[in-house]
Every structure is written in structure tokens, then in C-alpha cells.
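**Q** Sequence first, predicted model second:
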Amino acid sequence: MNFKEVVSQRRAVNFFDPGKGVPDSLINEMIELAAKAPSSFNLQPWSLIIVKDPEDKQRLRKLAWDQPKVSEAPVVFIVLGDRDAWKQGHFFVEKNFKEMVNSGIMNENQHDWFLNACKTIYGGNDEKKQAFACKNAGFFAMALMFAGKSLGLDTHPMDGFDHDGVRNAFNIADNFWIPLLLAVGHFDAQKTLQPPKWRKTVDEIVIRTY
Ligand SMILES: Cc1cc2nc3c(=O)[nH]c(=O)nc-3n(C[C@H](O)[C@H](O)[C@H](O)COP(=O)(O)O)c2cc1C
């Protein structure tokens, strides 16, 4: 499947075949592919909670407007955006800096400069922290959907859920925001997929050209 086909054929699939599981190896491949998504300073402020257990999926479904796909899909990702993944001392921030030093992009002396730059751009206020977490986790989520499609999997993103309810029920730390849930599996071939939805035209998207 080439990229045009992946993009054109990906759909938010409402009905999953509950009898068709997805092996862990395929889920891992999907995540590895999606992890190639770009991120601010390569900070990769995203994480996943994987929900496969039927009882846990039912718990999640109750907190997600009782959407049947949450329990029918074999796998549901709780996608997380880390609002703190720009801070000095954060494990992945320091790991990222070390990796940049190891690859010659930065040198040890630039540590404070790098951390200050991160703080200024991403940590200035709550709005910046939220934007940092959500935009990067959003790119990752999009990459998950394309990666899934390329591997023969269907997906469905959802923001119809009780954010604080999911946070409490699944013990999610305060530094994380939950931009979306993502159901993963195989479209139920017994059901009819809705026709493709309308999209804005180029002229509707571009509001100004200089
Ligand atoms: C962030 C996000 C949240 C969404 N939340 C829901 C949801 O809670 N329930 C639902 O049925 N669809 C949800 N959708 C699916 C959209 O309705 C769907 O992607 C859109 O109508 C376009 O259809 P397509 O993805 O099949 O092209 C969501 C999509 C996105 C990107």
C-alpha cells in the first residue's frame, strides 16, 4: 500500500469485528512506525496505555459515552501527551539531550541553553504546556492511524470521553493530558462503512496567501 492509498483508505471505523484479534507483534510494529513522527526538539512527549482486557474495555466504554467500539475493538489506546516533557530532570528530556550529544548535534556545554530554550518555548504558561503536549501527541496519534492502515489495521479516534473519569479510573498522572482514545482492530465486514466524509477544499483551507 503506497502513502496515497494509506491516506485515502484510512477511515474512522465505527464497527470492529470483535472476533478478530490483533497480535501484540502487529501492535508493536504499529507503535514503532508511528514513533517516527516528528516532535518539538524531538522530545516525543507521548505515551500510550494499551487496553485489551475485556473488563477494562468495558470500564473505559462506560467513561466514553458508552461507544460500542471501545469494547468491540480488540485493542484501545489511551493516547497521552506529557505536559512536563520539556523540563530539566525529566527522564526523556535528559535522554534526548544525551542522544543529541552522542550524535554530535549538541555538545555538553549546551545543556543549560537547551533546557532554557525548552522552558521558554513550551513551559512559559499552562496554555503553552497544553499546546506542547497535545500538538505532539496529535501528530503521534495521526501517525498511529496511518501506520495501522499500512499494516492492514483499522482505527477510530475518539474524544467523546470523560477526561477526568478516564484519568482516575486508569491512574493517569497529572502531567499527562489525554488528547484522544484510539480503537484499533479490523472493520466488521458484516457492517456497512459510511461513505467518505466531505473535506474542505484547498480554497477553503487557505485563508490568505502572501
Ligand atoms: C480527535 C478526534 C476525536 C474524535 N472523536 C470521535 C468520537 O468520540 N466518536 C466518534 O464517533 N467519532 C469521533 N471522531 C471521528 C470523526 O468523526 C471522523 O474522523 C470524521 O468524521 C472524518 O471521518 P473519517 O475519519 O472516516 O474520514 C473523532 C476524530 C478525531 C480526529
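**A** On my side now, so go ahead.

**Q** Check which helix or strand the residue of the chain found nearest the ligand maps to.
**A** Residue of the chain nearest the ligand, by CB to the nearest ligand atom: residue 160 (2.8 Å). Using the backbone N, CA and C atoms, a C-beta is placed for each residue, glycine as well. In this assignment (DSSP states H and E), residue 160 forms part of neither any helix nor any strand.

**Q** And the pLDDT for it?
**A** pLDDT for residue 160: 98.

**Q** cool, the one 4 residues further on as well?
**A** pLDDT for residue 164: 97.

**Q** Counting residues, which helix of the protein comes out longest?
**A** Assignment by DSSP state H gives helix 126-150 as the longest helix of the chain.

**Q** Any residue of that one touching the ligand?
**A** No - Helix 126-150 lies apart from the ligand when judged by CB under 6 Å from any ligand atom; the minimum separation is 7.4 Å.

**Q** Name the residues of that helix that are buried.
**A** Neighbour-count burial for helix 126-150, counted by 16 or more other CB atoms under 10 Å, picks out 128-129, 132-134, 136-141, 143-150.

**Q** Can you give the distance of it from its chain's centre?
**A** On the basis of CA atoms, centre = their mean, to the nearest Å, helix 126-150 sits 5 Å off its chain's mean C-alpha point.

**Q** Give me the mean pLDDT for it.
**A** On average, helix 126-150 scores 98.
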